[in-house]
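*Asks:* Here is a sequence together with a model predicted from it:
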There are 2 protein chains.
Amino acid sequence: MGRSVKKRSVSRREVVLRRLESLGRRFCEQIEKGVFPWIEMKSRSTDNIFYSPELRQYVLGDRVVRRSSRIVRHLRPFTQMVWTAYFVKELIRQRKTSTLRDVYYSAQAYDIFFKDQVESDNIITDLETVTGFPREDLNVFPEERSAVFGDLTIEYTVPGYEGRRLNLTSHPDGLMIGPALTNSRLIRTGADKVIVIEKGAMFTRFIEERVYEKFNAILIYTAGQAPRSTRYFIRRLNQEVGLPVYIFTDADPWGMHIAMVIISGSANAAHLRDLTTPDAKWAGVWASDINSYKLPSEGLSDIDIKRLHELSRDPRYKGELWQREIKTFMKIKKKCELEAFSRYGLTHIVDKYLPERLKELET
Amino acid sequence: MGRSVKKRSVSRREVVLRRLESLGRRFCEQIEKGVFPWIEMKSRSTDNIFYSPELRQYVLGDRVVRRSSRIVRHLRPFTQMVWTAYFVKELIRQRKTSTLRDVYYSAQAYDIFFKDQVESDNIITDLETVTGFPREDLNVFPEERSAVFGDLTIEYTVPGYEGRRLNLTSHPDGLMIGPALTNSRLIRTGADKVIVIEKGAMFTRFIEERVYEKFNAILIYTAGQAPRSTRYFIRRLNQEVGLPVYIFTDADPWGMHIAMVIISGSANAAHLRDLTTPDAKWAGVWASDINSYKLPSEGLSDIDIKRLHELSRDPRYKGELWQREIKTFMKIKKKCELEAFSRYGLTHIVDKYLPERLKELET
């Protein structure tokens, strides 16, 4: 039983390596032709960031910046980018991973100087823009960790584990989403949906109440704002495996935005594709649930209200559901947490709310 | 190969259940005798908290508070405690877990009123004091999650997994430390030490560089200050399995204190035992390493220095190593991160620093 996942013919790792190699070859050819090496990339300045209703995410406009080793003040960022491209290529080749912080320190081993980590982070983003790959594909991973649990069999590609398979129900506290999972092949699943949860305790509750069996779901715990590798994994489950994605957060502007960033990404990733899941759905807790389920709530703070005003003008929030819920928040001036359902017993959220909401969204 | 772990004859779960039952029986007997039920517990006010050099942790003194249902202003906290004892007993009986937040909301399902979560948290701490068990034993778990990786075979006791075994090298991103792991039996290990790491990226580095094989170590990731269930798990590895524990943190007062809380606990857990690992060792990064390994560093901030002054007067910091390192911090006025070793290449920390430090501490 269960559905098998189609294999990709060329591994993503191969594609990334080729892209980096072609970048290096480009510079060599320029030098051979007697030209100072240069590169062009789309500008990431705020006046070049637009929302694309087709892609349902922010994208960069047509403005381009050119960086040339001929220009003295470009020499420093140009050199830094060439070194960074070399460094991440070595990471990928040796199947090692790193972090933004690590890249900053590692540069010193090569006598490449970064004033501070802001400078090195920025060069990594340049390289993302030039290659089109998020830094996780360049083996630069976030410090934060989230987790997964459910009937999905993966096959590792990391050294020492090549070809080994694991079903993600193996450990009922959940398995961390790190480089090994991110780079694994998705082999087979019996699940027919993905449920994403903001909070660790609720993730544990959902496992204890066997949501993965009762609702045939793969469970993902984001630990607040989902790290990019987690967003990429959610996208893979949606696009490669074809599973619908439902996101549960606290009922407040911050929870709502955790869902939105999974769905439509963030403005500072406008230079990237493949990090969003436009068909994922924010499944609650909605402002309107506070009244209809009579949930214990707190008043919105001034900061909450300010944030709601910002979101109401954000192009990602144009959809009917979002506008309705923002208006409801403004009207009732209340917020509430996922745990508020415990007011009716610990299993109420799983026994009543979850099936009702899924039914509503599936039709 | 590997060492087997001795089985405990009565499960901890049984012991906790019996303790809660005897508490209930006590109240019933008091009522049958025609006495208003009452309870005594040690006072947790700061003037009753002392450092015990023998136990190497904070403990409560002899002062006792009495709470009686005969006294009107005691009636509310007394009733709250009786309900909470009932609630956690049901949790344990049904093998469900919960959080402090959940307990607060759940009370409303029983028309037990808590003004806010501070009030319900405090009642849970009362119940810890009365029973002597940390709230994790009462199935009230923290929201935070940390992780483990290494050659340790565990056997689950949670529903649906009873008797199932897993080796904790199964998933190379690490396995979350939650209720299932906390309540599992430790069966067998080939490791001869535990290495605790503050940061997720360094935890991943240690896995990638096969520290678990090269140094025969179980790796634990604390995600900053270790959650209590993680501290309890580290203690079990030390006491039940007999493994020495080495803790690696950033070289600053906050990192040092992450190590200290694992070793000697915190003042607000003075009413509890079994959460500390007094023989665990802070293995670095030490202030003195910044100079001897020529590590990239930053200046200490005013808040760092203030914190160092506090720590230098703290009874837990009396030991020679601690005093020496606090003095070194004050003298060099520098701090540095675990990642700073990447200045000499990504594997330097594993190839050079780790073996040198372990050798130094083992002799």
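*Replies:* Yep, it's here. Numbering: from 1, shown residues only, chains lettered A, B, ... in the order given.
*Asks:* can you map out the helices along the stretch 101-250 of chain A?
*Replies:* Taking DSSP state H, counting those that start in this stretch to define them, one finds helices in the stretch 101-250 of chain A at A:117-131, A:179-182, A:200-208, A:211-214, A:228-239.
*Asks:* check whether the second one contacts chain B.
*Replies:* Okay, so that is helix A:179-182. Yes. Contact of helix A:179-182 with chain B (C-beta under 8 Å from any C-beta of the partner chain) involves A:179-181. C-beta here means a position set from N, CA and C on the backbone, and glycine is covered the same way.
*Asks:* Tell me which residue of the stretch 251-363 of chain A lies closest to chain B.
*Replies:* residue A:342 (3.9 Å; C-beta to the nearest C-beta).
*Asks:* From the structure, what's the count of residues near that residue?
*Replies:* 27 (other C-beta atoms under 10 Å in any protein chain shown).
*Asks:* which residues sit in contact with the nearest residue to it once chain neighbours are set aside?
*Replies:* Spatial nearest neighbour of residue A:342, excluding adjacent residues (C-beta to C-beta, 6 or more residues apart in numbering or on different chains): residue B:105 at 3.9 Å. Counting by C-beta atoms under 8 Å, 6 or more residues apart in numbering or on different chains, residue B:105 touches A:296, A:339-343.
*Asks:* again, 7 Å this time
*Replies:* Residue B:105 is in contact with A:296, A:339-340, A:342-343, counting by C-beta atoms under 7 Å, 6 or more residues apart in numbering or on different chains.
*Asks:* Likewise for residue A:163?
*Replies:* residue A:155.
*Asks:* Would you map out the domains in chain A?
*Replies:* A:10-138, A:191-362 (automatic domain parsing).
*Asks:* Can I get those in TSV including mean pLDDT and distance to residue B:348?
*Replies:* Listed next are the domains of chain A as TSV, based on pLDDT from 0 to 100; distance: least, C-beta to C-beta, whole Å:
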stretch	mean pLDDT	distance to residue B:348
domain A:10-138	94	8
domain A:191-362	95	25
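*Asks:* Point out the most buried one among the ones you listed.
*Replies:* Of the domains of chain A, the one with the most neighbours on average (mean count of other C-beta atoms under 10 Å in any protein chain shown) is domain A:191-362, at a mean of 20.
*Asks:* now do the same end-to-end measure for that domain.
*Replies:* 15 Å (C-alpha to C-alpha, to the nearest Å).
*Asks:* Just checking the distance from that domain to the centre of its chain.
*Replies:* 14 Å (C-alpha atoms, centre = their mean, to the nearest Å).
*Asks:* on that earlier part again, any chance of the contacts of residue B:105 in JSON lines, plus distance to residue A:75 and secondary structure?
*Replies:* Compiled in JSON lines, the contacts of residue B:105 are given as follows (distance: C-beta to C-beta, whole Å; DSSP: H, G, I helix; E, B strand; the rest coil):
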{"residue": "A:296", "distance to residue A:75": "60", "secondary structure": "coil"}
{"residue": "A:339", "distance to residue A:75": "55", "secondary structure": "helix"}
{"residue": "A:340", "distance to residue A:75": "57", "secondary structure": "helix"}
{"residue": "A:342", "distance to residue A:75": "60", "secondary structure": "helix"}
{"residue": "A:343", "distance to residue A:75": "63", "secondary structure": "helix"}
